[in-house]
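J.: Sequence first, then the predicted structure, then my questions.
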Amino acid sequence: MNYQIDFIDSDKPQVTLKEGECLSEKLTIQNSPILFGCRIGICGTCAIEVVHTDSPLPEKTHDENEFLNAMAPDRKEVRLACQIRINTHMKIRKTEI
Ligand code: FES
């Protein structure tokens, strides 16, 4: 199954990924506004605001949960793109934490 990612507040076109693909492996500076640093859930460079999904995203990994609880405890809509394996259509926006 393929899923679409739409970037809110960006002129980058929609990206289509296969189920289970990791955003950090498929999103690049050429095709998305999302930037990546460590890619292991400890730097926050890839923080995104999840504006809409058709179904719930996978649970946060241990590292993602720990990082977001420390850096953005009141922002439940924020996820680390590098820790997400896609399982739904999603609309996302780059954000800062
Ligand atoms: S790239 Fe560092 S937390 Fe995602």
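T.: Nice, I can see it. Residues are numbered from 1 along each chain as shown.
J.: pLDDT averaged over stretch 6-14 - what is it?
T.: Summarised as a single mean, pLDDT over stretch 6-14 is 97.
J.: show me what contacts the residue nearest the centre of the chain?
T.: By CA atoms, centre = their mean, the chain has its centre lying nearest to residue 81, at 2.7 Å. Applying CB atoms under 8 Å, 6 or more residues apart in numbering, we find residue 81 in contact with 23, 24, 27, 34, 36, 46, 47, 48, 92. The way it works is simple: take the backbone N, C-alpha and C, and place the C-beta from them, glycine included.
J.: Whichever strand or helix holds residue 65 close to the ligand?
T.: Here residue 65 sits within helix 62-71, counting by DSSP states H and E. No. Counting by CB under 6 Å from any ligand atom, the ligand has no neighbours in helix 62-71; the shortest distance is 6.7 Å.
J.: and the next helix-or-strand element following that helix, which residues are buried?
T.: For helix 62-71, the following helix or strand on the C-terminal side (DSSP H and E) is strand 78-80. By 16 or more other CB atoms under 10 Å, the buried positions in strand 78-80 come out as 78, 79, 80.
J.: can you narrow these to ones near the ligand?
T.: residue 80.
J.: out of the buried residues of strand 78-80, which one sits closest to residue 62?
T.: residue 80 (11.9 Å; CB to CB).
J.: Please name the nearest non-neighbouring residue to the closest one.
T.: The shortest distance from residue 80 to any non-neighbouring residue, by CB to CB, 6 or more residues apart in numbering, is to residue 64 (4.8 Å).
J.: isn't the one you found right up against residue 78?
T.: No. Applying CB atoms under 8 Å, one finds residue 64 not in contact with residue 78, separated by 10.0 Å.
J.: Quick check: phi and psi on residue 83?
T.: With angles defined as degrees, to the nearest 10, residue 83 sits at phi -100, psi 0.
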